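1. Model the structure of this input:
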Amino acid sequence: MVEPVPSNAAEDEPERPEDDDGTSSETHGAHRRRKSRKQRKQRSFWKELPILIVVALVFAFLIQQFIARVYMIPSGSMEETLHGCPGCTPDRILVDKLVYDFSDPEPGEVVVFKGPEAWTENDLPTQESSNGVVRFFRSIGSVFGLAPPDEKDFVKRIIATGGQTVECCDAQNRVTVDGIPLDEPYIHWEPGAENTQIDFGPVTVPDGTVWVMGDNRNNSSDSRYQGGGGVRGVVPVDNIIGKARFIVLPPSRWGGVSDHNPQQAASQASALSAPAWGAGIPLGAGVIAAWPAVAGGRGLGGAVRGAAKRGQ
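-> As a prediction, the model looks like this:
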């Protein structure tokens, strides 16, 4: 009886052709597949990157349109509170666009607003560049605070609100509202200039409007002069874009924007009847509105990092 001879597994396997360098074609095939996958991942990252950039820009644009926006200060009318003087680096300020959805403008607040018709009726037409690309990048730059804003946008401080009577000046060179002199520590006097304000008024501010003035008191074209002064110089509340909150650039100027109430003595008496929780409504709303922006920003950052890793 002949016993079966056990098979040799190594001998049963088909021989694999080898290349000149001694490696099998299968090894080369695996290497080519890994290289192909890596190339596809790299191409995928570069395809995703433009999409991520566009999403980030759209996200930032929506935030600045509806929640907060950065503005560049174009002139020195708000010195020293806000820098915009010739030869200096102009301040970029963050403007809260939600606050007046929950509260009314108050004296002392620095606001950005669209110039009413009386302020702009005699302006010369703006000379726009004939280059469409230049116009596009200028508009994008103004949205992100990298270029001057629309020339019809202004920044001033609210001095009086609807129903109040504003006038200048008392015996101590102070503006008065309803006969009470204002406390204005933010006023800036130009070096070498006379520290005397120009007389005006009295003017009773119509309801639904505010009277605004620049902190650089004798170098500001504001409610005293615009539209010829008087009631034509007031600004409708509906024209207010938002409240200046922070100076975000340059880094040496980081900080909040003063909203000192010049009518402090009068406001303290009325504050006794106002509910304390009311002041927290705009802040709470701002936090709630900002949360999607923070969460979305984290998600976008994670997507960028993930795409970068896949491309490695």
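
2. what bits of the stretch 201-312 of the chain have low per-residue confidence?
-> Low-confidence segments of the stretch 201-312 of the chain (pLDDT under 70): 265-312.

3. please redo it, this time with the cut-off set to 50
-> Applying pLDDT under 50 to the stretch 201-312 of the chain flags residues 269-305, 307-312.

4. residue ranges of the helices in it, please?
-> In the stretch 201-312 of the chain, the helices defined using DSSP state H, counting those that start in this stretch lie at 264-271, 280-310.

5. Likewise for the stretch 51-200 of the chain?
-> 117-120, 132-143.

6. Those: lowest mean pLDDT?
-> The stretch with the lowest mean pLDDT among those is helix 132-143, which comes in at a mean of 55.

7. State the distance from the residue nearest to P262 when sequence neighbours are not counted to S258.
-> Once flanking residues are discounted, P262 sits nearest to L182: 3.8 Å by CB to CB, 6 or more residues apart in numbering. (Each C-beta comes from the backbone N, C-alpha and C, glycine too.) Going from L182 to S258 by CB to CB, to the nearest Å gives 14 Å.

8. and these two? which has more neighbours close in?
-> Comparing L182 with S258 by other CB atoms under 10 Å, the one with more neighbours is L182, at 22 against 15.

9. Touching, that one and T176? I think so.
-> Yes. With contact defined as CB atoms under 8 Å, L182 counts as touching T176 (6.7 Å).

10. With adjacent residues omitted, what lies nearest to G230?
-> That would be V203: by CB to CB, 6+ apart, it lies 5.5 Å from G230.

11. For E48, which three-state class applies?
-> Three-state assignment for E48 (DSSP: H, G, I helix; E, B strand; the rest coil): helix.

12. contacting residues for S223?
-> 156, 159, 211-213, 229, 233-235 (CB atoms under 8 Å, 6 or more residues apart in numbering).

13. partner residues bridging C168?
-> C168 has these beta-bridge partners by DSSP bridges: V175, F200.

14. Can you report how many residues lie near it?
-> Counted with other CB under 10 Å, C168 comes out at 20.
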